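A.B. asks: I need the structure of the sequence given here:
(2 chains)
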Protein chains: 2
Amino acid sequence: MTKAKNATPNRPLARVPRGFLDRRAQTLAAERDVVEKVLQVYELWGYERLDTPSFEYADALGKFLPDQDRPNEGVFALEDDDGQWMSLRYDLTAPLARFVAQHWDGLTKPFRRCAAGPVWRNEKPGPGRYREFWQCDADCVGSPRAEADAEAIAMGAAAIEAAGVQRGHYVVNVSNRKLLDGLLAHIGIDLEDTQKRLGVLRAVDKLDRLGPEGVELLLGHGRKDESGDFTKGAGLSSPAIAQVLAFTAAQKTTRALTLDALSQVVGVTPLGQEGIEELAAIDATLKALGVGEDQALFDPAIVRGLEYYTGPVFEAELLVPTIDDKGQKVRFGSIGSGGRYDDLVMRFRGERAPATGFSLGVSRLLAALAATGQERTSLAGPVVIIVLDQNAIAGYMRMAGELRGAGIAAEVYLGTSGLKAQLKYADRRQSPLVVLEGSEERANGVVTLKDLNLGAQLAQSIETNQAWRSERPAQIEVPRANLVIAVQDMLARCR
Amino acid sequence: MTKAKNATPNRPLARVPRGFLDRRAQTLAAERDVVEKVLQVYELWGYERLDTPSFEYADALGKFLPDQDRPNEGVFALEDDDGQWMSLRYDLTAPLARFVAQHWDGLTKPFRRCAAGPVWRNEKPGPGRYREFWQCDADCVGSPRAEADAEAIAMGAAAIEAAGVQRGHYVVNVSNRKLLDGLLAHIGIDLEDTQKRLGVLRAVDKLDRLGPEGVELLLGHGRKDESGDFTKGAGLSSPAIAQVLAFTAAQKTTRALTLDALSQVVGVTPLGQEGIEELAAIDATLKALGVGEDQALFDPAIVRGLEYYTGPVFEAELLVPTIDDKGQKVRFGSIGSGGRYDDLVMRFRGERAPATGFSLGVSRLLAALAATGQERTSLAGPVVIIVLDQNAIAGYMRMAGELRGAGIAAEVYLGTSGLKAQLKYADRRQSPLVVLEGSEERANGVVTLKDLNLGAQLAQSIETNQAWRSERPAQIEVPRANLVIAVQDMLARCR
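C.D. replies: Predicted coordinates for the structure are as follows:
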């Protein structure tokens, strides 16, 4: 009351922060559906839910985002009252590592964990690129076995299919960082030269976007992009570059054939050999779990940006061609990804704690469903009870209560407008039908049900089918006492 | 790999930020259950889901937290790259007001909205007091009608019951800020004197905690608390204080009786009259919606801390006596609350946009369920397939796949320990049964199923019932081909 009079022309502008998003019922229903289905798969595979908070202490979270050019950026951070810096989590994996380290002694290991929730990236927003988005993760901590990696891959594929992406429309590409490291060692590059090693990893990671020619430049002296910016290269010799490119091109049509091809191009080092043996064990387990070549393939070109991966890495890719707003064919990007990160818990404990996992992006999954024509049908709104008589509102409220009692979503119009505006309101609410009771109807003990779906259909069709129309009347009068049954009946016919 | 060698003794400490919480499977299952049930009620009442992002611009969010002593505190805020300040939302209502103002022209009104999600308060954490917690809200924007307030109250009660709190164990207390304002006007206090008016509101809000004696001091010259801190009073005269205290004590056993009593103590002002008429309309609608006196009562002592309320206010209270850790009887506090906030959207638009809503605290609901003995039973873990033979792991993986195919949560032990540790693992995972297949069993085409629930029960019971024991064997051998059926059978007997 006092505020009303204090209102000034200096009003705040109602706007959403840049890179953030309001999500309405239709989107949320689709998201909820995907999240529930993915979590059900994870739980079926024995992964138990664990949610960590939004915030972690900055030192506990660490800096593992792929953006090397801005090492201090990428997270939302603030200083707490006591001077400690806290950051909003940028993924669900780093907080899991903190949890595991914190509870190591009391934790049943291997610890299989799943979670779904928002993560935050303090990045420049762009089309389809938000600063808050949901991930669904499953991780197994405490198993050094390649079988755990295979399980993550198989479960990821099962989750993608449960979410609605059909087999054949996606594939999980799998590689192993030890292969590329093995090759680098074979070529004679010092793996302790972190900058050189990461330079090679980052160059290979851009194969999709830049093609072999661009990667060749990044592996050598460097590359100038369209805007004229120059990225320094990893400085490999021409023969070394040729060997790396031959390695990235070693994918064949089956996992077994790719394994054969890899042993030719990786060179003989203990590390490369380990990488190949791990992939062979992954292949055997994928077979035992019934994962076909149409679900998971080996692809040496996969490296993944995150620095914390130490062994097998995976990336789920949509195989359906996608078209952008301008009608251009575009790369869809990944639906999800994962890999082994044996050193992440060690940051806290000083001892290795082997771990592997898979992460699905919820909005990526929804986009994949849209791209493959698997979108959900639109939500129906509630039954709307029209207020024809302001003094009879208690009676309208009673009607709504009766309908809800039968599990039918219902509401009374509580605005101040007349009949025409109320019908428009019901239509925009995607209400399947409205209930009308004027004073005359009330005196006669009846109500009128108006089928809004049918009305919309009739309005749309040029030719109205009279026979069909009479079979399904757009409007009926029923005894007030039969309200619930009559509404149920009309809803059944609407669907 | 390189990181392993770079690890230093200066390791970060694995700890959760203060006032934040890790939540494990049992808690999350209970939370998910409560949230889903509450949202189902909201949707049944015609409220559509809308999720706003975690962040809002600080100016759009406004400052409506009850903590007047630290007006700039209470929120987590940070400066964006472009110099704009963003805050994490402290409730779901202020962001809704921003959304409604932003989309006013295109929005179907009245706009009924529901949401569930985390909110953040930058407050001093304490026992059971966290800086991140979940709320489930439903709001109706665009209706000035008291029926909309009544709907919020009735729906709040329905949601509390759907969550599992039984009728009779809670009550929604309802009042109207216009009553106290009317009384203040009647006494002769200038309502534009915001400090005095808020001083009275804040004093009355402490009735629960301080009793009438404490409130009397706060309405008068002021009060010194146990720690010696002095809070300045609202400075009312003795007769005025007596009138305010008589007003707060006017609750009777039914809504109708309280309404009668109120007309005696509020005094004759247009504002007080409006307040009483609104409560009368609320009462009529609550009756039409079947809300009894055991679900909602009028209580003039309810004011609610948030400053943005302008009319009816509600607070759901648990009626069951609760005991704290030290065995002391304690006030439980509210499960949820709400009210009318007609001016919140006006901050942006300059025009009134009437609104009302109800908010339930998810952890408060879970605490209420615990206090009333309605806690969920514990979750069962997955079937664990023991690895007796390291070389047969593909076969174990196949078993897990078959069980999952039948909808049974299952996992293969993927650690490196022996049989005894694996059985302990399965027990700690709350696995109902384990599957064992050694090389001899494999040669014979059989597997052994071991009932862990029964094992635990037998270990617990001093007298073992031999007949019952033989009826339900703790361990059976079944053909490998019958694995799924035999596990289903044993699980059915476990439950």
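
A.B. asks: what sits against the residue nearest the centre of chain A?
C.D. replies: Computing the C-alpha centroid of chain A and ranking residues by CA atoms, centre = their mean puts A:V362 first, at 1.6 Å. A:V362 makes contacts with A:31, A:34-35, A:116, A:133-136, as judged by CB atoms under 8 Å, 6 or more residues apart in numbering or on different chains. Where you see a C-beta, it was placed from the backbone N, CA and C, and this is true even at glycine.

A.B. asks: which residue sits closest to it, ignoring its sequence neighbours?
C.D. replies: A:W134 (3.8 Å; CB to CB, 6 or more residues apart in numbering or on different chains).

A.B. asks: Next SSE downstream of the helix or strand of chain A with the lowest mean pLDDT?
C.D. replies: Sorting the helices and strands of chain A by mean pLDDT, DSSP states H and E puts helix A:2-6 at the bottom, at a mean of 41. Remark: after helix A:2-6, the chain's next helix or strand is strand A:23-24, criterion DSSP states H and E.

A.B. asks: which helices and strands sit right next to that next one?
C.D. replies: strand B:48-51 (3 or more CB pairs under 8 Å, 6 or more residues apart in numbering or on different chains; DSSP states H and E).

A.B. asks: Now do the strand it packs on, average pLDDT.
C.D. replies: In this model, strand B:48-51 has a mean pLDDT of 97.

A.B. asks: residues in contact with that strand?
C.D. replies: Applying CB under 8 Å, 6+ apart, the external contacts of strand B:48-51 come out as A:22-25, A:28-29, A:381, A:429, B:39, B:43, B:96, B:99, B:112-115, B:117.

A.B. asks: And stretch A:10-19, by the same measure?
C.D. replies: Contacts for stretch A:10-19 (CB under 8 Å, 6+ apart): A:22, A:123-125, A:129-132, B:52-53, B:55-57, B:59-60, B:62, B:80, B:82, B:84, B:86, B:98-99, B:101-102, B:347-350.

A.B. asks: Could you tell me which residues of the stretch 301-450 of chain A lie near chain B?
C.D. replies: A:308, A:310, A:343, A:346-350, A:352, A:381-382, A:384, A:393-395, A:397-398, A:400-401, A:404, A:407-416, A:425, A:428-429 (CB under 8 Å from any CB of the partner chain).

A.B. asks: picking up where we left off before, quick one: the residue nearest to A:V362 and A:A240, what's the gap?
C.D. replies: 41 Å (CB to CB, to the nearest Å).

A.B. asks: Likewise for A:K232?
C.D. replies: Remark: distance between A:K232 and A:A240 (CB to CB) = 16 Å.

A.B. asks: what about these two, which has more around it?
C.D. replies: Counted by other CB atoms under 10 Å in any protein chain shown, A:K232 and A:A240 do not tie: A:A240 has more neighbours, with 20 against 11.

A.B. asks: can you confirm that one is in a strand?
C.D. replies: No. Counting by DSSP: H, G, I helix; E, B strand; the rest coil, A:A240 is located in no strand; its state is helix.

A.B. asks: A:L183 is in contact with that one, correct?
C.D. replies: No. Applying CB atoms under 8 Å, one finds A:A240 not in contact with A:L183, separated by 9.0 Å.

A.B. asks: Turn the contacts of A:V362 into TSV, columns for distance to B:P479.
C.D. replies: Shown next, in TSV, are those (distance: CB to CB, whole Å):
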residue	distance to B:P479
A:E31	44
A:V34	39
A:V35	39
A:A116	39
A:F133	48
A:W134	44
A:Q135	42
A:C136	37
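
A.B. asks: Where helices are concerned, which of those residues count?
C.D. replies: Among the contacts of A:V362, the members falling in helices are A:31, A:34-35 (criterion: DSSP state H).

A.B. asks: Check what pLDDT the residue nearest to A:V362 gets.
C.D. replies: What the model reports as pLDDT for A:W134 is 96.
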